[in-house]
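Colleague: Generate coordinates for the sequence data below:
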Amino acid sequence: MSKPPIDSPTNGTPAPRVLMVSGHFNPVVGGAEKQAELLSHALIRAGARVEVATFALPRSPRRESLNGLPVERIGLLPAVKGGKAKIALYMRQLSSYIVNHRDEFDIVHAHQGLHVAYAAAAAAVEVSKPCVVKIANTKELFDLKVLESSFSSGPRMAASLKNNTDCFVALNKTCENDLADYGVPPAKIRIIPNGVDTSSAKDIAKTAAKAALPVPEDTPLIVFVGVLRKQKNAAAAVEAAKILKEKGKSFFMAILGGGAELEQTAARISLAGLGDVCAAVGPVDNVREWLAGAEIFFLPSFQEGMSNALLEAMSAGLACAVSDIPANRDIVSNGINAVLFDPASPPEAASALDSLLTDANLRKSLGKNARATVERDFSIDTVAKRYIALYRELISAKSER
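Modeller: A predicted model of the protein is given here:
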């Protein structure tokens, strides 16, 4: 059942028409892509008109509607080979699309401050439309630094993006500091967090959910969700599982997600003899059901922008054991709505999990508080209202110049 429209702030002006730009989009799904789609639908419920412009996919229609969300897939010439050549062509085609369709939108919103945002922001300046760029990553993976190092002209592209963007959206204080350190004026930075559909998991019955999963029904389930790459620290999950097994704890840890380290993670599990308590499940399309069937959510990342998986787990009312890093501390507080641990210490991670496996009352308390936190601060409909207000402000400012 679709959600009803939500009230949006009004000041007598029409609802904005938004061109949402993302390098990839559904069915290619990562954290940024998931947020782009979730926000787009929430904006539509809030009264905005939204269209997505993204890369073309093999055998995908050039234009389609995903549950009422128009998606334009900008094509690449079949003769063009090589990643950077295709990216250069896509940037030119995206710029042309924005220029040619200038009368169909009021504002451009680009996800991730990378090459796609560079092209979108430059084209937005050409057609005198404001541009919002949402930053996805911080610290060593800070978007503008990655853009600098990705192309020979990267420093010039990053400088252009910094100058042409009307507003950068930071997910948290860490991201805000990265932007400020890069020379972005404070007036061009707004903090708006990721959002989550707070209705997505709460109505799924735990017993039924767990019964449908390939895990022991009578064993506490720990779930890890993420793309398996170095910063996600899946190795700590395997080490923590080994420590818990050696302590004789009853549990099953499911590591969900694909990525470069999937095979390596599966090999670690096998080599440590943990097949009876841990599995690298791989990518799944029913994360909600896994969260609904779990008792504990585990996030040992070394680095995050703002974890969608953590927000979804909190929305499901799970007790969460998460790494003590700035991005996570912007969401949770130790002992109130989560248990924090040093991601560089598998014994400390195992201890955090042990405390939750041992104390059902603690799990219940942390899960209840986690749910309340998400409902108060991270509902996607609340986030959409904040974007509507930002769009109107930028559109008004641009029209007055």
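Colleague: For the helix or strand of the chain with the lowest mean pLDDT, which helices and strands make contact with it?
Modeller: Within the chain, confidence by mean pLDDT, DSSP states H and E is lowest for helix 206-211 among all helices and strands, at a mean of 73. Judged by 3 or more Cβ pairs under 8 Å, 6 or more residues apart in numbering; DSSP states H and E, helix 206-211 is in contact with helix 287-293. Glycine gets a C-beta too; all of them are placed from N, C-alpha and C.
Colleague: Now do the very next helix or strand once past the helix it packs on: which elements does it pack against?
Modeller: Under the assignment DSSP states H and E, the closest C-terminal helix or strand after helix 287-293 is strand 296-299. Using 3+ Cβ pairs under 8 Å, 6+ apart, the elements in contact with strand 296-299 are strand 221-225, helix 308-315, strand 319-323, helix 346-358.
Colleague: just to revisit the earlier point, could you check the least confident helix or strand of the chain and say which residues are buried?
Modeller: Residues 209-210 are the ones in helix 206-211 that count as buried (16 or more other Cβ atoms under 10 Å).
Colleague: Show me what that helix is in contact with.
Modeller: 217, 221, 289-290, 292-294 (Cβ atoms under 8 Å, 6 or more residues apart in numbering).
Colleague: need the contact list for the residue nearest to residue 314 when sequence neighbours are not counted.
Modeller: Closest residue to residue 314 apart from its sequence neighbours, by Cβ to Cβ, 6 or more residues apart in numbering: residue 370 at 3.8 Å. When contacts are counted by Cβ under 8 Å, 6+ apart, residue 370 touches 313-314, 317-320, 332, 337-338.
Colleague: residues in contact with stretch 156-170?
Modeller: Residues outside stretch 156-170 that contact it (Cβ under 8 Å, 6+ apart): 113, 115, 117-118, 121-122, 124-125, 130-135, 144-145, 147-148, 151, 176, 178-179, 182-184, 188-192, 390, 394, 397-398.
Colleague: try 6 Å
Modeller: 117-118, 121-122, 125, 130-135, 144, 147-148, 176, 179, 184, 188-192, 394 (Cβ atoms under 6 Å, 6 or more residues apart in numbering).
Colleague: now the end-to-end length of it.
Modeller: Taking Cα to Cα, to the nearest Å, stretch 156-170 runs 22 Å from one end to the other.
Colleague: from the middle of its chain, how far away would that stretch be?
Modeller: Counting by Cα atoms, centre = their mean, to the nearest Å, stretch 156-170 is centred 21 Å from the centre of its parent chain.
Colleague: mind checking the SS state of the residue of the chain positioned farthest from its centre?
Modeller: Centroid-distance maximum for the chain: residue 248 at 35.3 Å, with Cα atoms, centre = their mean. Following DSSP: H, G, I helix; E, B strand; the rest coil, the label given to residue 248 is coil.
Colleague: One more: the one 5 residues further on?
Modeller: Using three-state DSSP, the three-state assignment for residue 253 comes out as strand.
Colleague: per-residue pLDDT, it?
Modeller: On pLDDT, residue 253 comes in at 96.
Colleague: That one and residue 242 touch, don't they?
Modeller: No. Between residue 253 and residue 242 there is no contact under Cβ atoms under 6 Å: 10.2 Å.
Colleague: Compare the two (neighbour count), which wins?
Modeller: residue 253 (27 against 19; other Cβ atoms under 10 Å).
Colleague: So that one versus residue 366, what's the distance?
Modeller: Per Cβ to Cβ, to the nearest Å, residue 253 is found 18 Å from residue 366.
Colleague: Residue 136 now?
Modeller: 27 Å.
Colleague: neighbour-wise, which of those two wins?
Modeller: Taking neighbours as other Cβ under 10 Å, residue 136 and residue 366 compare with residue 366 leading, 26 against 23.
Colleague: nearest residue to that one other than its sequence neighbours?
Modeller: Residue 366 sits nearest to residue 319 (Cβ to Cβ, 6+ apart), 4.3 Å away.
Colleague: Based on its surroundings, how many neighbours for residue 336?
Modeller: Counted with other Cβ under 10 Å, residue 336 comes out at 12.
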